[in-house]
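Undergrad: Sequence and predicted structure, then a few things I'm wondering about:
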Amino acid sequence: MRLANKVAIITGAGSGIGAETAKLFVAEGAKVHAWDVRPESLAALAKGVGDGLRTAVVDVTNRASIEAAVAQALQVDGKIDVLINNAGITADATLLKMEESAFDRVIAVNLKGVFNCSQAVARVMSQQQSGVILNASSIVGLYGNFGQANYAASKAGVIGMTRTMARELARFNVRVNVVAPGFILTDMTAKMPEKVLEMMKEKTPLKRNGTALEVAKAYLFLASEDASFITGQVLGVDGGLVV
């Protein structure tokens with residue numbers, strides 16, 4: 001197992017990519033602390049995962065909530081080897097129609113949430129002299145997307161912050177990387193009209209949409225010793241969309 005004896009925190013783990021990553025990491029031997037703001041989603045996740053899963057209701061915009069959950073993880077497992085900043089939201093509108101509250105909300109979760117969790121966990125990892133932090137961006141963070149100025153800004157910010165964190169934390173033997181998914185089939189995309197899903201497929205050179213498990217496997221690679229000399233990088237999981 002590639003993550004035997006490792007302890008991981010995964011934010012936004014209640015559904016989609018986060019849930020698939022939690023399941024995969026437990027299967028690969030990790031003790032996983034699954035964080036989400038939705039207790040019902042965490043309860044559903046726990047039903048399908050073994051003893052390696054711990055859950056906590058955590059709001060990544062609330063520093064007190066994060067600090068308490070970090071302390072709990074340390075109390076239970078004594079260390080934190082991996083942090084995956086997966087939590088994210090959308091609140092789409094064109095620039096001329098977007099409300100300030102929608103912009104602020106997306107930045108608070110998708111960008112500042114990454115900062116909040118990373119800072120809290122990096123303090124632990126720097127003392128351990130080891131660790132891996134993986135951040136969720138998107139191809140939208142690289143190339144923008146119509147109607148997503150807030151989301152694109154947050155995901156571009158994650159890339160810049162990741163590269164800075166990678167430089168700063170390398171002296172503590174902490175690696176920091178980004179996964180940038182393309183069009184991925186999740187509960188959210190499942191609600192989209194069929195013509196939109198077909199359009200997404202047509203834009204992707206591999207002519208299909210990705211799965212949450214395929215993104216989870218990218219996280220697994222970067223979290224494992226197979227990626228021990230990789231830091232400050234952006235790994236696209238997009239079916240060739242940005243080629």
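TA: Received, thanks.
Undergrad: where does the longest helix anywhere in the chain sit relative to the chain's centre, distance-wise?
TA: As assigned by DSSP state H, the longest helix anywhere in the chain is helix 149-169. Distance of helix 149-169 from the chain centroid (Cα atoms, centre = their mean, to the nearest Å) equals 12 Å.
Undergrad: Starting from it, tell me the next helix or strand along the chain.
TA: Counting by DSSP states H and E, the element after helix 149-169 in chain order, helix or strand, is strand 174-181.
Undergrad: what helices or strands is that following strand leaning on?
TA: helix 113-128, strand 131-136, helix 139-143, helix 149-169, helix 212-223, strand 234-237 (3 or more Cβ pairs under 8 Å, 6 or more residues apart in numbering; DSSP states H and E). Every C-beta, even on glycine, is put in place using the N, C-alpha and C of the backbone.
Undergrad: Show me what that strand pairs with in its sheet, parallel or antiparallel.
TA: strand 131-136 (parallel), strand 234-237 (parallel) (DSSP bridges).
Undergrad: Buried residues in the longest helix of the chain, which are they?
TA: 149-159, 161-163, 165-166, 169 (16 or more other Cβ atoms under 10 Å).
Undergrad: what does stretch 30-50 give?
TA: Ala30, Lys31, Val32, His33, Ala34, Trp35, Asp36, Val37, Ser41, Leu42, Leu45, Val49.
Undergrad: contact partners of stretch 138-157?
TA: 88, 90-95, 98, 102-103, 106-107, 109-111, 137, 158-159, 180-182, 234, 236, 238, 241-242 (Cβ atoms under 8 Å, 6 or more residues apart in numbering).
Undergrad: so what's the residue nearest the centre of the chain up against?
TA: Note on the chain: the residue nearest the mean C-alpha position is Asn86, at 1.9 Å, using Cα atoms, centre = their mean. Neighbouring residues of Asn86 by Cβ under 8 Å, 6+ apart: Ile10, Thr11, Gly12, Ala13, Ile17, Gly18, Thr21, Ala136.
Undergrad: wait, isn't Pro39 in contact with Val57?
TA: Yes - at 5.1 Å, Pro39 counts as touching Val57 under the criterion of Cβ atoms under 8 Å.
Undergrad: Now do the shared contacts for the two.
TA: Shared contacts of Pro39 and Val57, defined by Cβ under 8 Å, 6+ apart, are absent.
Undergrad: Test my guess that Ile17 contacts Thr211.
TA: No - the criterion here is Cβ under 8 Å, and Ile17 misses it with Thr211 at 9.2 Å.
Undergrad: check contacts around Gly239.
TA: Gly239 neighbours (Cβ under 8 Å, 6+ apart): Gly182, Phe183, Thr204, Pro205, Leu206, Lys207, Arg208, Asn209, Gly210.
Undergrad: can you put the helices and strands packed on strand 174-181 in JSON lines and add mean pLDDT?
TA: Below are these laid out as JSON lines (pLDDT from 0 to 100):
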{"stretch": "helix 113-128", "mean pLDDT": "98"}
{"stretch": "strand 131-136", "mean pLDDT": "98"}
{"stretch": "helix 139-143", "mean pLDDT": "93"}
{"stretch": "helix 149-169", "mean pLDDT": "98"}
{"stretch": "helix 212-223", "mean pLDDT": "98"}
{"stretch": "strand 234-237", "mean pLDDT": "97"}
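Undergrad: okay, those in JSON lines with distance to Met200 next?
TA: Converted to JSON lines, these look like this (distance: least, Cβ to Cβ, whole Å):
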{"stretch": "helix 113-128", "distance to Met200": "25"}
{"stretch": "strand 131-136", "distance to Met200": "18"}
{"stretch": "helix 139-143", "distance to Met200": "11"}
{"stretch": "helix 149-169", "distance to Met200": "16"}
{"stretch": "helix 212-223", "distance to Met200": "15"}
{"stretch": "strand 234-237", "distance to Met200": "14"}
